[in-house]
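Asker: Model the structure of this input:
(one chain, ligands or ions: 1)
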Amino acid sequence: VSAEGDKSRFSAPADVAALYSRRRRFYETYVQTFAHRQGIRALLTRSSLLAGDQRILDAGCGTGLSILALTDALARLQLTYRRIDAFDLTGAMLDTCRQTIERESLHSIELRQADVTRLREQLPADWSGYDLVLCASMLEHVERADLGDALASLRERLAPTGRLLMIITRRAFYPTRWIWHCNGYSRRELREALAVAGFGPPVFRRYPCTHWWLNVGNHVVEATRDSR
Ligand SMILES: C[S@@+](CC[C@H](N)C(=O)[O-])C[C@H]1O[C@@H](n2cnc3c(N)ncnc32)[C@H](O)[C@@H]1O
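Answerer: All right, here's what the predicted structure looks like:
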């Protein structure tokens with residue numbers, strides 16, 4: 001990924017965790033306002049990514065919105081999952097996520113606190129062989145120079161036929177970048193980072209027109225573990 005010279009002021013994991021601890025409630029209002037959960041659910045429901053009995057990893061699960069979008073989509077498609085594992089850097093976000101899982105009586109979901117740039121040390125070895133890794137609005141918080149390595153460590157967790165669905169802020173979408181102190185990427189930068197990480201050529205998707213506004217600030221990218 002090209003050096004941009006506008007490295008986020010808050011890319012250090014401790015700063016990112018402090019930001020999300022402080023703004024957890026604001027985050028919940030923010031995503032409700034823009035219907036993020038419903039948008040990801042619509043995206044997943046209309047994709048070919050879900051099947052029965054899958055093992056799924058939610059990378060950067062936050063308060064659990066992306067897990068709920070996932071379980072909503074599976075329910076709509078009348079599919080069951082084998083197991084959903086999820087991790088996040090911020091303890092406060094994980095606390096809310098735990099409460100969400102309990103409130104919704106969701107089963108077979110395990111949570112861990114982990115930094116995507118340190119997964120080899122921080123996640124159990126059997127957190128691997130996933131059919132799908134969902135990574136929604138997390139990787140823009142990693143230092144630009146670490147994006148390729150972070151993607152590579154997610155790729156390692158996929159089953160040979162597994163796929164990644166990544167939602168990530170667009171380079172020129174300054175409102176999100178300013179509010180959440182995050183990086184943004186062009187398609188070219190994402191292609192490069194995914195290739196460096198060993199993924200097959202990415203397919204750029206879009207949120208369905210029911211949630212068109214989410215396309216303004218986000219790339220939706222699907223990639224296979226291997227170049228096929
Ligand atoms: C914008 S929220 C997205 C949460 C959730 N995926 C969603 O769609 O609502 C970003 C999350 O990424 C987490 N995060 C940021 N940097 C991370 C890192 N290096 N490793 C793991 N999680 C990270 C933050 O703690 C925060 O919960």
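
Asker: element containing Leu164, please.
Answerer: Using DSSP states H and E, Leu164 sits in strand 158-169.

Asker: Next, the buried residues of that strand.
Answerer: With burial defined by 16 or more other Cβ atoms under 10 Å, the residues of strand 158-169 counted as buried are 158, 162-169. Backbone N, C-alpha and C define where each C-beta goes, glycine included.

Asker: Please apply the same query to stretch 34-44.
Answerer: Of the residues in stretch 34-44, those buried under the neighbour-count criterion (16+ other Cβ under 10 Å) are 36-44.

Asker: low pLDDT regions in the chain?
Answerer: For the chain, the stretches with pLDDT under 70 are 1-10, 227-228.

Asker: re earlier: quick one: the buried residues of stretch 34-44 as CSV, columns for secondary structure and distance to the ligand too.
Answerer: Written out in CSV, the entries for these read as follows (DSSP: H, G, I helix; E, B strand; the rest coil; distance: Cβ to the nearest ligand atom, whole Å):
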residue, secondary structure, distance to the ligand
His36, helix, 6
Arg37, helix, 8
Gln38, helix, 12
Gly39, helix, 10
Ile40, helix, 7
Arg41, helix, 11
Ala42, helix, 14
Leu43, helix, 11
Leu44, helix, 12
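
Asker: Doesn't Tyr207 lie inside a helix?
Answerer: No: checked against DSSP: H, G, I helix; E, B strand; the rest coil, Tyr207 lies outside a helix; its state is coil.

Asker: got a list of what it touches?
Answerer: Under the criterion of Cβ atoms under 8 Å, 6 or more residues apart in numbering, the neighbours of Tyr207 are 39, 42-43, 214-215, 218, 220.

Asker: Excluding chain neighbours, what is closest to the residue in the chain positioned nearest to the ligand?
Answerer: When distances are taken as Cβ to the nearest ligand atom, the chain approaches the ligand most closely through Gly62, which lies 2.5 Å from it. Nearest non-adjacent residue to Gly62, counting by Cβ to Cβ, 6 or more residues apart in numbering: Met93, 4.7 Å away.

Asker: Now do the contacts for the one you found.
Answerer: Counting by Cβ under 8 Å, 6+ apart, Met93 touches 20-21, 24, 27, 61-63.

Asker: Could you identify the most distant pair in the residues you listed?
Answerer: The most widely separated members of those are Ser21 and Cys61, with 15.2 Å between them, by Cβ to Cβ.

Asker: Around the ligand, pick out the residues from the chain.
Answerer: The chain comes close to the ligand at residues 13, 16-17, 20, 31, 36, 60-62, 65-66, 88-90, 93, 115-117, 136-138, 141-142, as judged by Cβ under 6 Å from any ligand atom.

Asker: how does it look with 5 Å?
Answerer: If contact is defined as Cβ under 5 Å from any ligand atom, the residues of the chain in contact with the ligand are 16, 20, 60, 62, 65-66, 88-90, 93, 115-116, 136-138, 141.

Asker: Of those, which is the most crowded?
Answerer: Using other Cβ atoms under 10 Å as the contact criterion, the top neighbour count among these goes to Ser66, which has 28 neighbours.
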